[in-house]
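K.L.:
below: sequence and its predicted model.
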Amino acid sequence: MRIAVLSDVHANLTALDAVLADAGAVDAVWQLGDVVGYGPEPDAVVARLREIGAKGVRGNHDAAACGGPEIEWFNPEARRAMEWTRNAITATTVEWLAGLPERLTEGACELVHGSYREPLWEYVTSEGVARANLAVLDGAVRVGLHGHTHMPVAFLEERGGGDADGGDADGGDADGGPGRRPLSTIRGRAGETLELRGRRALVNPGSVGQPRDGDPRASYLVWEPEADRVTWHRVDYDVEAVQRSMREAGLPASLAARLSIGL
Ligand code: ZN
């Protein structure tokens, strides 16, 4: 099985379609929230995800788009874009976004937008935060898929010295205590494959619609459950066309400009 895992599409249909074309025939598409916000085509992005039967969760921007108080924590540009989004989207889009759960378990994976402790808001940006979240992942769930930071990265729990028998299900020392296992941080560069081999990990596919790692190309990953591995991919798309649409829509110029540099 090949599953395309997407996050932070942010109403960028051009980037989403480039990613779907690049992924080709997949068995499923999962999305990790922030379907809308920032970008110019929220309705069309939701329509595409519905059409392909994408499963997924709600992000802080999706919650705000449905009228939630999350907008109060947005910076001025994000807030302007969200006010635009609220005015632009149809009732059908609101209904679909409102129906997204905060968490979804699919086999060995749990899908959230931010983190396992705080599905909508926490940014997993350090090994300390990753470790704290690995500690609360349920025993049957081994792979945490999340977005929110717009950074393609994985935090991988290495095996401790004493469990060469592959006893990966114990999880008993994942509480941050003295016996805790070492954690590796893996940058999800284009074409990078991470073989999990039964290890626990938090994995971020990066952002489809607004990458922030200095590479403007759309980012996503493919999860192969039987092979127990993830591979990150980057895809060129017509950034200028999206910037034009954003200007025409009256969205903040700074949000359009950042797409050129991927920051
Ligand atoms: Zn986002």
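P.N.:
Received the coordinates, thanks. Keep in mind it's a predicted model, so treat the numbers as computed, not measured.
K.L.:
how about N87, secondary structure?
P.N.:
helix (DSSP: H, G, I helix; E, B strand; the rest coil).
K.L.:
and it, what does it touch?
P.N.:
Under the criterion of Cβ atoms under 8 Å, 6 or more residues apart in numbering, N87 has no neighbours. (Each C-beta comes from the backbone N, C-alpha and C, glycine too.)
K.L.:
show the pLDDT at it.
P.N.:
The confidence metric pLDDT takes the value 97 at N87.
K.L.:
now the one 4 residues further on
P.N.:
Note for A91: predicted pLDDT of 98.
K.L.:
okay, now it: neighbour count?
P.N.:
Residues near A91, counting by other Cβ atoms under 10 Å, number 7.
K.L.:
would you map the strands across the stretch 1-150 of the chain?
P.N.:
In the stretch 1-150 of the chain, the strands defined using DSSP state E, counting those that start in this stretch lie at 3-6, 28-31, 55-56, 104-106, 109-111, 143-145.
K.L.:
give me the neighbour count for the residue nearest to E83 when sequence neighbours are not counted.
P.N.:
In this structure, E83 finds its nearest non-sequential neighbour in I71, 7.8 Å apart by Cβ to Cβ, 6 or more residues apart in numbering. Using other Cβ under 10 Å, I71 has 19 neighbouring residues.
K.L.:
contacts only, for the closest residue to the ion within the stretch 1-150 of the chain.
P.N.:
Closest to the ion within the stretch 1-150 of the chain is D34: 3.5 Å, counting by Cβ to the ion. Residues in contact with D34, defined by Cβ under 8 Å, 6+ apart, are 7-10, 59-62, 113, 147-148, 207.
K.L.:
got it, and D236?
P.N.:
18, 217-218.
K.L.:
repeat that for A4.
P.N.:
Contacts of A4 (Cβ under 8 Å, 6+ apart): 19-20, 23, 26, 28-30, 220-222.
K.L.:
ok, now T14?
P.N.:
41, 237-238, 241-242.
K.L.:
what do you get for G53?
P.N.:
28-29.
K.L.:
what's the answer for W30, then?
P.N.:
3-6, 54-56, 104, 106, 109, 111, 145, 223.
K.L.:
state the distance from it to T125.
P.N.:
Counting by Cβ to Cβ, to the nearest Å, the separation of W30 from T125 is 22 Å.
K.L.:
one more: N60?
P.N.:
In terms of Cβ to Cβ, N60 sits 15 Å off from T125.
K.L.:
who has more neighbours out of these two?
P.N.:
It is N60, of N60 and T125, that has more neighbours when counted by other Cβ under 10 Å, with 23 against 14.
K.L.:
wait, that one sits on P119?
P.N.:
No: with contact defined as Cβ atoms under 8 Å, N60 and P119 do not form a contacting pair (9.3 Å).
K.L.:
list the residues that contact both of the two?
P.N.:
Shared contacts of N60 and P119, counting by Cβ under 8 Å, 6+ apart, come down to H113.
K.L.:
for stretch 115-128, the averaged confidence score.
P.N.:
Mean predicted confidence for stretch 115-128 is 93.
K.L.:
can you point out the buried residues in that stretch?
P.N.:
115-116, 118-120, 122, 124 (16 or more other Cβ atoms under 10 Å).
K.L.:
do the same with stretch 241-254
P.N.:
Buried-residue list, stretch 241-254, by 16+ other Cβ under 10 Å: 242-243, 245-246, 249, 251-252.
K.L.:
with stretch 43-51 instead?
P.N.:
Buried, per 16+ other Cβ under 10 Å, within stretch 43-51: 43-49.
K.L.:
then stretch 94-111?
P.N.:
94, 96-97, 100, 102, 104, 106, 108-111.
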